[in-house]
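Q: pasting a predicted model and its sequence here:
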Amino acid sequence: MKVIQSHNLSKSYGKTTALNDLTFEIEENTITGLIGRNGAGKTTLLKIMAGHIQPTHGELRIYSQKPFNNLERSAGTILIDDSMMYPDSFRLVDILSEVAPFYANWNNTLANGLFDYFSFNPNQLHSNLSKGSKSTFNSIIGIASRCPLTLFDEPTTGMDSAVRKDFYKALLKDYLKHPRTIILSSHLLSELEEILEEILLIKQGSKRLHLPVMELKELAVGIRGNAQILQPFVEGKELIYREEFAKDNLYIVLRKELLQQEGEVMKQKGLEVFPISTDDLCVYLTASNKGGIDNVFKKD
Ligand SMILES: Nc1ncnc2c1ncn2[C@@H]1O[C@H](COP(=O)(O)OP(=O)(O)OP(=O)(O)O)[C@@H](O)[C@H]1O
C-alpha cells in the first residue's frame with residue numbers, strides 16, 4: 001500500500017523554488033532516507049508531508065488525503081525537528097506527559113526506558129538542555145509515539161557518535177517490532193544507510209533518484225588511471241563524475257551497467273576499477289555545476 005503519493009509537487013517561497021515537480025510514492029512500513037545537500041528542499045518536503053505548509057503546485061497525499069489542515073492526518077503523523085518548542089517553564093517530565101495523549105500508539109514504557117538509558121533528569125527544564133540532548137529528547141518522543149507516519153528532520157544534529165548509534169539502533173529495534181512508515185532526512189547517508197530500505201535523493205528541489213539502498217550500493221563504479229588508456233573506454237558514455245588529477249590521470253564514475261564486460265580488460269591495462277561508497281555517489285549525483293572546490297583555487 002502506498003502511504004505517500006506525491007504528484008508534480010512544487011513549492012516556492014517568493015522567487016525561491018524549494019521543490020520542483022517532485023513525483024514519487026512511498027510504501028507503507030518502510031524506512032526511507034531523504035538525502036540532499038543544504039537547501040535541497042528536505043525540510044520543505046517534510047513540512048508538506050506533516051501538513052504544516054501547502055504546496056504551490058501539484059499535490060501530495062498521505063493515505064489518499066491532503067495533509068494540510070487535516071486533523072485525522074495530523075493525529076497519525078509526527079515530525080521531529082530541531083524547531084520543536086516548548087514553554088520555558090516545562091520540565092522534561094511535563095513534556096512527556098503532555099505529548100503522550102496526542103498519539104494513539106504512544107508507549108510510556110519505551111519512552112521511560114529511553115529516558116533513563118540516556119540519563120535524563122525528569123525535573124530538568126527543556127530550555128536548559130544542550131543542543132545534542134535536545135535532539136536526543138526529541139527523538140525519544142519520535143520513537144515512543146509510534147506514529148503510522150514518523151518523520152525525522154536531521155534528528156542527530158548535535159548528538160555525539162555513541163548517542164547517534166544508539167538512536168538508530170533503538171529506532172530500528174522498535175520499527176522491527178512495530179512497523180510503521182519512517183522518513184529520516186540527512187546530508188550524510190553513511191551514518192544511517194544500515195537502517196534504510198529506500199533512498200530518495202533530491203537536488204535543488206528535484207528528484208535525483210529513488211531506489212532501494214541495496215541498488216544504490218551496486219549502481220556505480222569508479223575507474224582511475226592514465227587518461228589516454230581510460231578515455232577510449234568511456235567515450236560517448238554518460239558520466240556521473242569526471243575529474244582530472246595529477247598529470248595525465250583521470251578519475252571517472254559511471255553506472256556499472258554501462259561497463260558490461262570491459263571492467264576486466266581495463267584492469268589488465270593497468271586501470272583501477274573500484275566500487276563507489278553510497279556517500280560519495282550521493283555527493284557526485286548532487287554536485288553543483290560549478291565544478292569542485294579545486295576550481296576556486298585554480299583562479300587564485
Ligand atoms: N520560509 C522560507 N522562506 C523563504 N525561503 C525558504 C523558506 N524555507 C526554506 N526556504 C528556502 O527553500 C530552499 C529549501 O530549503 P529547505 O530548508 O527545505 O532545505 P533543506 O534541504 O532542508 O536544507 P538544510 O539541509 O540546509 O536544512 C532553500 O533555498 C531555502 O533558503
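A: That came through, no problem. Residues are numbered from 1 along each chain as shown.
Q: would you mind naming what in the stretch 51-200 of the chain lies close to the ligand?
A: Applying CB under 6 Å from any ligand atom, we find that the stretch 51-200 of the chain lies next to the ligand at His187. In this view, the C-beta of every residue, glycine as well, is placed from N, C-alpha and C.
Q: part of a strand, is Ile48?
A: No - counting by DSSP: H, G, I helix; E, B strand; the rest coil, Ile48 falls outside a strand, being helix.
Q: just to check, Gly284 is in contact with Ile252?
A: Quick fix: residue 284 reads Tyr, not Gly. No - using CB atoms under 8 Å, Tyr284 is not in contact with Ile252; the gap is 10.2 Å.
Q: same drill for those two, tell me which one is more crowded.
A: Ile252 (22 against 17; other CB atoms under 10 Å).
Q: tell me the spacing between the more buried one and the ligand.
A: 28 Å (CB to the nearest ligand atom, to the nearest Å).
Q: what lines up beside the helix or strand containing that residue in the sheet?
A: Using DSSP states H and E, Ile252 maps to strand 249-255. Neighbouring strands of strand 249-255 in its sheet, by DSSP bridges, are strand 220-226 (antiparallel), strand 239-245 (antiparallel).
Q: need the next SSE after that strand, C-terminal direction.
A: Using DSSP H and E, the helix or strand that follows strand 249-255 towards the C-terminus is helix 262-268.
Q: for that following helix, which outside residues touch it?
A: With CB atoms under 8 Å, 6 or more residues apart in numbering as the test, helix 262-268 has contacts from Val221, Ile223, Gly225, Leu230, Phe233, Val273.
Q: now swap in stretch 8-24 and tell me
A: Contacts for stretch 8-24 (CB under 8 Å, 6+ apart): 4, 6-7, 41, 44-45, 48, 53, 55-60, 200, 202, 204-207, 210.
Q: for that stretch, measure first residue to last.
A: Taking CA to CA, to the nearest Å, the first and last residues of stretch 8-24 lie 9 Å apart.
Q: okay, who's weakest in the contacts of helix 262-268 by pLDDT?
A: For the contacts of helix 262-268, the minimum pLDDT belongs to Phe233; the value there is 89.
Q: sorry, back to before: would you reformat the contacts of helix 262-268 as a markdown table and include distance to the ligand?
A: A markdown table is the format used below for the contacts of helix 262-268 (distance: CB to the nearest ligand atom, whole Å):
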| residue | distance to the ligand |
| --- | --- |
| Val221 | 28 |
| Ile223 | 31 |
| Gly225 | 35 |
| Leu230 | 35 |
| Phe233 | 36 |
| Val273 | 33 |
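Q: buried ones only from the residues you listed, please, as a ChimeraX command.
A: Applying 16 or more other CB atoms under 10 Å to those leaves a buried subset, and the ChimeraX line that selects it is:
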select :221,223,225,230,233,273
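Q: closest residue of the stretch 51-200 of the chain to the ligand?
A: Nearest to the ligand, among the residues of the stretch 51-200 of the chain, is His187, at 5.9 Å (CB to the nearest ligand atom).
Q: separation between the nearest residue to that residue once chain neighbours are set aside and Arg208?
A: Spatial nearest neighbour of His187, excluding adjacent residues (CB to CB, 6 or more residues apart in numbering): Arg37 at 6.2 Å. Between Arg37 and Arg208 the distance is 10 Å, computed by CB to CB, to the nearest Å.
Q: which neighbours do those two share?
A: Joint contacts of Arg37 and Arg208 (CB under 8 Å, 6+ apart) are Thr286.
Q: buried stuff in the strand holding Ile252?
A: Buried residues in strand 249-255 (16+ other CB under 10 Å): Leu250, Tyr251, Ile252, Val253, Leu254.
Q: list the residues that contact the residue of the stretch 201-300 of the chain at minimum distance from the ligand.
A: Proximity to the ligand, evaluated over the stretch 201-300 of the chain using CB to the nearest ligand atom, is greatest for Gly205 at 6.8 Å. Listed by CB under 8 Å, 6+ apart, the contact set of Gly205 reads Ser10, Lys11, Thr17, Ala18, Leu19, Asn20, Leu22, Ala40, Gly41, Thr44.
Q: nice, that's everything, thank you.
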